[in-house]
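S.K.: Based on what follows, work out the 3D shape:
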Amino acid sequence: MGQRLILKRRIARLYRLLCACNEHRKLVLLYHSIGGSAEATPIHTFHGHLEVITKVGQLLPLRTVLGSAPKHDITVAITFDDGYASLREAASEILAEFGCAATVFLNVGEIAEDERRSSRADDGFYPHEQFLSWLDVEALIAADWRIGSHGVRHLDLVRANRSVTANEICASKAAIERRLGGCCDMFAYPWGRSDPELRSQVRMAGYRYGFGAAHSPLTAKSDPLALPRINVAKEYSPDDLAAILRGDWDYLWWVAKARGTAFNGFSNRPWGALGR
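M.R.: Got it, this is the predicted structure:
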């Protein structure tokens, strides 16, 4: 990613000169694994990211970011997809240093009772990782983490038939609620991809929020079933993240839109409605 990262940085500097960002910014960041496999974000990098967030903004739980109007120039929530064991082994402890926890979206078909199953790159997961067990998940909940669904398997639900998507959406929700004894009302679309029909299925299944992977802050017009999350690559330095928080990298949304890979979901709901 070397040359691409250099190009991103150069464009970001230009974008910052040309475009003024909103005074208040609410951001949801997306990670996967911390300090696990070669694809994971290194521990020192993640620690540096959190230092940047707490220096220039406020690190808050996802529910708090969603459910309130901005009270700080920059407010940030951390989320993870898939459900790798490194979240308990590394990420949870690091986040605790900063007085916060995160939200993890689980592929429940990979979560065993008390053993950690190995990941498979062929199924779209990070290679050479292990998944959390349900016992690990309970330990994260005890540390104030929140749990959402990422489906049963790791499928592109936009391309799947309706019966498959219904099972992925509903069976994963039921499994989490049955195992953890609470309401699961957050869904993260695998690969960050959704369309109107899929979002309608998510809504009818009883989810309140749906999350994609668009490089965009939350806005007053964000659709609760198509909320953007900014993917944080393992190569991003603390300085890169600071630029992302400021909005220097917001041009990436337009790049994705031009390629047809971004969905901008809008509604007329005000900030407070996201939390209702």
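S.K.: What number of residues are in the vicinity of the nearest residue to residue 43 once chain neighbours are set aside?
M.R.: In space, and not counting its chain neighbours, residue 43 is closest to residue 35: 3.9 Å by CB to CB, 6 or more residues apart in numbering. The way it works is simple: take the backbone N, C-alpha and C, and place the C-beta from them, glycine included. Around residue 35 sit 18 other residues, with neighbours defined as other CB atoms under 10 Å.
S.K.: Please apply the same query to residue 3.
M.R.: 7.
S.K.: got the buried residues for the host helix or strand of it?
M.R.: Element membership for residue 3, per DSSP states H and E: helix 2-18. For helix 2-18, burial by neighbour count (16 or more other CB atoms under 10 Å) applies to 8, 12, 15-16.
S.K.: Kindly report the same for stretch 111-125.
M.R.: Within stretch 111-125, the residues that count as buried by 16+ other CB under 10 Å are 111, 116, 119, 125.
S.K.: The third one reaches residue 129, doesn't it?
M.R.: Yes: between residue 119 and residue 129 there is a contact at 4.1 Å, judged by CB atoms under 8 Å.
S.K.: Overlap of the contact sets of those two?
M.R.: residue 84 (CB atoms under 8 Å, 6 or more residues apart in numbering).
S.K.: residues contacting residue 116?
M.R.: Counting by CB under 8 Å, 6+ apart, residue 116 touches 85, 130-133, 136.
S.K.: Using the three-state scheme, assign it.
M.R.: Following DSSP: H, G, I helix; E, B strand; the rest coil, the label given to residue 116 is coil.
S.K.: Find the residue ranges of the stretch 51-200 of the chain scoring beneath the pLDDT cut-off.
M.R.: Counting by pLDDT under 70, the ranges of the stretch 51-200 of the chain that qualify are 69-72.
S.K.: can you give me the helices in the stretch 51-200 of the chain?
M.R.: For the stretch 51-200 of the chain, helices defined by DSSP state H, counting those that start in this stretch occupy the ranges 62-66, 86, 92-97, 134-142, 162-180, 196-204.
S.K.: nearest to residue 234, of those helices?
M.R.: Using CB to CB as the measure, helix 86 is the one of the helices of the stretch 51-200 of the chain that comes nearest residue 234, at 12.2 Å.
S.K.: which residues sit against that closest one?
M.R.: By CB under 8 Å, 6+ apart, helix 86 touches 33-36, 40, 129.
S.K.: By neighbours, which of those residues wins?
M.R.: Neighbour-wise, those (other CB under 10 Å) top out at residue 33, 28 neighbours.
S.K.: so how far is residue 24 from it?
M.R.: Separation of residue 33 from residue 24 (CB to CB, to the nearest Å): 31 Å.
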